[in-house]
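> model this:
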Amino acid sequence: MEINIIPKLKLLFVCNAGLHRSATAAEIYAKKGYETKSAGCWAEGERFLTEEKLEWADIIICMKEEHRKWIADNHPKEYMMKKIITLDIPDVYRVNQEELVVLLRKSLSILK
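Model prediction:
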């Protein structure tokens with residue numbers, strides 16, 4: 001009997017520091033069965049958006065257009081090779097804030 005195992009889609013969520021918006025999104029979609037990571041363009045340490053994280057992802061989801069531009073400017077090869085979505089979610093939310101959770105689910109309704 002042959003069993004086909006479909007790999008999980010890898011989603012990388014990007015915001016300023018990787019602490020609130022992207023961390024919330026990563027948590028939501030990990031519970032839905034996706035492999036997820038969060039990172040920040042201006043973060044430090046392990047939360048910083050690296051080339052390795054960009055290469056890992058199947059889809060990169062940026063909270064603002066400035067994050068997409070940062071990727072284009074700092075990692076042009078990965079930028080050209082990846083599907084990148086921009087949500088336009090402002091940096092006014094705390095991690096797991098209910099309004100943020102609702103907005104993320106609505107913005108990414110294509111991800112069941």
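> Quick check on the residue nearest the centre of the chain: phi, psi?
Of all residues in the chain, the one closest to the mean position by CA atoms, centre = their mean is Phe13, 1.1 Å from it. Main-chain torsions, Phe13, degrees, to the nearest 10: phi -100, psi 130.
> got a list of what it touches?
Going by CB atoms under 8 Å, 6 or more residues apart in numbering, Phe13 touches Arg21, Ser22, Ala23, Ala25, Ala26, Tyr29, Thr36, Lys37, Ser38, Ala39, Ile61, Met63. Placement of C-beta: from N, CA and C, glycine included.
> Name only those of the residues you listed that count as buried.
Arg21, Ser22, Ala23, Ala25, Ala26, Tyr29, Thr36, Lys37, Ser38, Ala39, Ile61, Met63 (16 or more other CB atoms under 10 Å).
> Leaving out sequence neighbours, find the closest residue to the residue nearest to the centre of the chain.
Once flanking residues are discounted, Phe13 sits nearest to Ser22: 3.7 Å by CB to CB, 6 or more residues apart in numbering.
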